[in-house]
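**Q** could you look at this predicted model? Sequence included:
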Amino acid sequence: MSHTPERYDAEDARDDVREDVADAGTDTGSGRHTAGAFDIRNIIGALLSIYGLILTLASFVGDQSLDKTGGVRANLWTGLALLAAGLAFMAWAKAKPIVVPDHIPHDDDRPAGH
Amino acid sequence: MLISSAQGAVRAADTLITANWLDYLLIAIYFAFVLGIGFMARRQVSDSIDFFLSGRSLPAWVTGLAFISANLGAVEIMGMSATGAQMGLPTVHYFWVGAIPAMLFLGVVMMPFYYGSKVRSVPEFMLRRFGPGAHLVNSLSFALAQLLIAGVNLYLLASIVHALLGWPMWTALIVAAVIVLSYITLGGLSAAIYNEVLQFFVIVASLLPLTLIGLHRVGGYGGLKDKITAAAANNDKITPAKDQLESWPGLPLSGFDSPLLSVIGIVFGLGFVLSFGYWTTNFVEVQRAMASNSISAARKTPIIGAFPKMFVPFIVILPGMVAAVLVNEIVQLKASGGEAAIPGGASGDVKYNDALLLLMRDVLPNGLLGLAIAGLLAAFMAGMAANISAFNTVFSYDLWQTYVQKDKPDHYYLGIGRLATFAATVVAIFTATIAGKFGNIMDYLQTLFGFFNAPLFATFILGMFWKRMTATAGWMGLVAGTLSAIAVWSAGEFGKAFELSGQGLAFVAASTAFVVDIVVSVVVSLMTAPKPEGSLKGLVYSETPKEDLIDPHEASLPFFQRTVPLALIALAMVLVLNVIF
């Protein structure tokens, strides 16, 4: 999570995912860093958590329109569910980070001119 | 001038939904994320493969969710809830018959050819297999269809903004278009795909509570059934309750009178011709799979997508059905057989397409309302972004690079791609105004897909498995198929040659196109010279070594991570769903 990579391209990611599967969590040696904020799981996690937090807080202030929802505290329950889902995504990203190597191998298997 | 602005002011004060600051906050946060993804993705885009194919770098669960999200735009959310409100459960066929089998087929059978041959687009496969004739027909018709469909998505997006904020249609159209434009131009396909995945979660987070609260209000699923039965009991303008509450034989959907014909029409017309044509040859979808990191991930993309896809009807069709018994305007509309002019719709009188918006108004508290609006805006933007990102790839690689400017450096095509994105957005604004004139958007889209995709599927499948098929047969089959679909549709629509309500006409037109394409292709192939031996490796099944079509690593994975077992699990689950409902 130290910093976002300058350039994170096809080969890297392809390697990363394989490494991610092969030896997750062990690759913390020199010359490697995680995708961090650009990991989609962190983006999803952040958005869902923020939404969850806002809805949960909102359920304690203001009108809950219980006549509309048939008596259910909809903001509260949805907020808590979103918060849980968001934290789960961030935990997943933390537990199995995408590791980005510093060297950038060239993609040779593409046909010439493409 | 004065009169129109005065009307605008009246409209503005009288919006469909009353959102407060909390709702706007949630919407604003979503837009901050969308644009943030565009800026972050920009740092990755270093060549045209990055821009157009996401560098072929994404894991299967990301491309799998993007695969269904790209389609979870205007069509599914508004169209399917509208159809659900109107005819009930038979709408599920669009998912369980009309999508899942074709998605599994794409993953198991066709994806190895697409990914393995390293083409960058579906039309490029056409070019390698059949040469320029078929390629040009395919690229042009695809590019045109994308512009039209992007317009449909944009129109729906603008009508939501209009209904919510009371902005004039034109302003809403342009603002929405600019947001989509900015994140695709910045981040290319990666930004589009990341936003699609994000959108998927926001959609579920907003439609699931809507469905649950709606069901709670009508007394659960049992209460919903009772209310639908009661409403249909003494009104012959409403579809009989038993047809609304059972998915088969689906008479209201197909528009046929005979249950047997209806089943055949749904299975062959929707399930085979329309859906295989759409899911297996539509580059918007296939592009998502092509962005994945291995042939195994590419094959699993549509298969992984099939699992959430089979449950999507529960959060789009059910709310439509709930709206039809809970929302006053939709209840009245349905009681009148869809003909009553009731004020208060998103664009003029209430239509079935407004069912979801009106249900949101009636059951969601502020807060959740903002989340739901963010979800809908997200869906329409993602739908439009998918069309435009597929369009710019086909335009840049298949039209511009192939026929106009051949040997330019890579960054030149990247620039063309960004320009094409801009041009497509401008055109979409105009096609949006065309889309606004059609009442039921589903009809309009199905019609388009029938014209373009049904013959395409026939040509692909014949070309992949019959090496004798010639280049001339490729383009002649496509042209004959498309023209025959247009002819049948026009005869039914304007000439009144057949009386088919529902989707029957689209099924018949698409089926005709399929059969005509096959017949013309076979006849022309037998009269023209085949392509030379050896030129078809990777393109035709019998000419491709088996090991090129599979991932050697896959055999070492547990069975639930392998392509074919995963597809079988999905198929079994869909069969179970069909039996239950």
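**A** Good, I have the coordinates. Computed from a prediction, not measured in an experiment: that's the story for all the values here.

**Q** for chain A, longest helix please?
**A** helix A:74-95 (DSSP state H).

**Q** buried ones in it?
**A** For helix A:74-95, the neighbour count (16 or more other CB atoms under 10 Å in any protein chain shown) marks A:74-83, A:85-86, A:89-90, A:93 as buried. Just so you know, the C-beta spots here come from the backbone N, C-alpha and C atoms, and that holds for glycine as well.

**Q** and those residues near chain B, which?
**A** A:74, A:75, A:77, A:78, A:81, A:82, A:85 (CB under 8 Å from any CB of the partner chain).

**Q** distance to residue B:562 and pLDDT added to those, as TSV?
**A** Shown next, in TSV, are those (distance: CB to CB, whole Å; pLDDT from 0 to 100):
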residue	distance to residue B:562	pLDDT
A:74	41	84
A:75	42	86
A:77	38	90
A:78	36	90
A:81	32	93
A:82	33	93
A:85	28	93
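
**Q** wait, which of these is closest to residue B:405?
**A** Closest approach to residue B:405 among those (CB to CB): residue A:85, at 47.4 Å.

**Q** ok, now which ones touch the closest one?
**A** A:48, A:52, B:201, B:205 (CB atoms under 8 Å, 6 or more residues apart in numbering or on different chains).

**Q** try residue B:490
**A** With CB under 8 Å, 6+ apart, residue B:490 has no contacts at all.

**Q** swap in residue B:114?
**A** Counted by CB under 8 Å, 6+ apart, residue B:114 has contacts B:122, B:125, B:286, B:289, B:290, B:298.

**Q** in space, what's closest to the third one - neighbours in sequence excluded?
**A** Read that as residue B:286. residue B:122 (5.4 Å; CB to CB, 6 or more residues apart in numbering or on different chains).

**Q** now do the second one
**A** Nearest non-adjacent residue to residue B:125, counting by CB to CB, 6+ apart: residue B:119, 4.6 Å away.

**Q** same question for the last one.
**A** With sequence-adjacent residues excluded and distances taken as CB to CB, 6+ apart, residue B:298 is closest to residue B:115, at 4.0 Å.

**Q** pretty sure the one you found sits against residue B:300.
**A** No: taking contacts as CB atoms under 8 Å, residue B:115 lies outside contact range of residue B:300: 11.1 Å.

**Q** more neighbours: which of those two?
**A** residue B:300 (28 against 23; other CB atoms under 10 Å in any protein chain shown).

**Q** the more buried one belongs to a strand, doesn't it?
**A** No: under DSSP: H, G, I helix; E, B strand; the rest coil, residue B:300 falls outside any strand and is assigned helix.

**Q** from chain A, how far off is it?
**A** 13 Å (CB to the nearest CB, to the nearest Å).

**Q** what's the closest non-adjacent residue to that residue?
**A** Nearest non-adjacent residue to residue B:300 (CB to CB, 6+ apart): residue B:60, at 4.4 Å.

**Q** so what's the one you found up against?
**A** Per CB under 8 Å, 6+ apart, neighbours of residue B:60: B:292, B:293, B:296, B:297, B:298, B:300, B:301, B:304.

**Q** turn those residues into TSV, including pLDDT and distance to residue B:190.
**A** Below are these laid out as TSV (pLDDT from 0 to 100; distance: CB to CB, whole Å):
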residue	pLDDT	distance to residue B:190
B:292	81	12
B:293	78	13
B:296	84	21
B:297	83	16
B:298	86	16
B:300	87	19
B:301	88	15
B:304	89	19
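
**Q** among those, who's most crowded?
**A** Most surrounded of the contacts of residue B:60: other CB under 10 Å gives residue B:301, at 33 neighbours.

**Q** give me the distance between that residue and residue B:472.
**A** 33 Å (CB to CB, to the nearest Å).

**Q** residue contacts, the residue nearest in space to the middle of chain B?
**A** Central residue of chain B (CA atoms, centre = their mean): residue B:71, 3.5 Å from the mean position. Each residue near residue B:71 by CB under 8 Å, 6+ apart is listed here: B:99, B:284, B:285, B:383, B:386.

**Q** residue B:223: how many residues sit nearby?
**A** Neighbours of residue B:223 using other CB under 10 Å come to 15.

**Q** can you tell me, leaving aside adjacent residues, what's nearest to it?
**A** Using CB to CB, 6+ apart, the nearest residue to residue B:223 is residue B:215, at 7.8 Å.

**Q** in the chain, what helix or strand scores lowest on average pLDDT?
**A** All of this refers to chain A. Lowest by mean pLDDT, DSSP states H and E among the helices and strands of chain A is helix A:10-23, with a mean of 40.
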